[in-house]
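Novice: 3D, please:
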Amino acid sequence: MLPCGVNLERFCASDVRGAKARIRASLRLSESALLVGTVSRAEPIKGLSVLVEAAARVAAVHSNIRWLIVGGGSQMPQLQSLARTLGVENQIIFEGIREDIPDLLQAMDIFVLPSLSEGLPTSAMEAMASGRPVVCSRVGGLAELVTHGESGLLVPPGDSVALA
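Specialist: Numbers count the residues shown, from 1 in each chain. Just a heads-up that it's a prediction; the model follows:
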């Protein structure tokens, strides 16, 4: 059996600033904006509606934060609708499926994974390998991967207030 892992060479970019500037320019974001993002399938089990709800809570207090959701899935139209309903459609960038995940992670200031259930998610490991601080739900392997207060923050699953 092979252990789950991440190719560190792929995610420990030597050109961190170049990737960050390039991706932020393509997303039409300033260097000063705080970018909080995730790479995830848009399926109910991934808790992305909790992320959109948390984004709305944060937007009420901080106007310079943008949110990035990378990935495809059946829930994407509902997430976009929820963002419109909550008035944060201009703060959340829905990117769909992308191949340049290492560069996207370098552009993020914080990585979030609000899953309701997990095994050991590759995206969280990739974010950590990229040097991103992580905020994740305390579920499955995330509770073993992330040491709360040291290597990231763990929040109760489904809790948009705690996630915010």
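
Novice: make it CA atoms for all contacts and neighbour counts henceforth
Specialist: Noted.

Novice: And the contacts of stretch 45-55?
Specialist: 40, 42, 67, 79, 82-83, 86, 88, 92, 113-117, 157-161, 163-164 (Cα atoms under 8 Å, 6 or more residues apart in numbering).

Novice: So which of the residues you listed are in helices?
Specialist: 79, 82-83, 160-161, 163 (DSSP state H).

Novice: Highest neighbour count among these?
Specialist: Counting neighbours by other Cα atoms under 10 Å, Leu163 leads the ones in helices among the contacts of stretch 45-55 with 24 neighbours.

Novice: from what I can see that residue touches Leu153, true?
Specialist: No. Applying Cα atoms under 8 Å as the test, Leu163 and Leu153 come out as separate, 9.3 Å apart.

Novice: Identify the contacts common to these two.
Specialist: Here Leu163 and Leu153 have Val135 as joint contacts, going by Cα under 8 Å, 6+ apart.

Novice: how about the strands of the chain, start to end?
Specialist: 34-39, 65-70, 92-96, 110-113, 134-137, 153-155 (DSSP state E).

Novice: With Thr122 as the reference, name the closest of those.
Specialist: Comparing these by their distance to Thr122 (Cα to Cα), the top pick is strand 34-39, with 9.6 Å.
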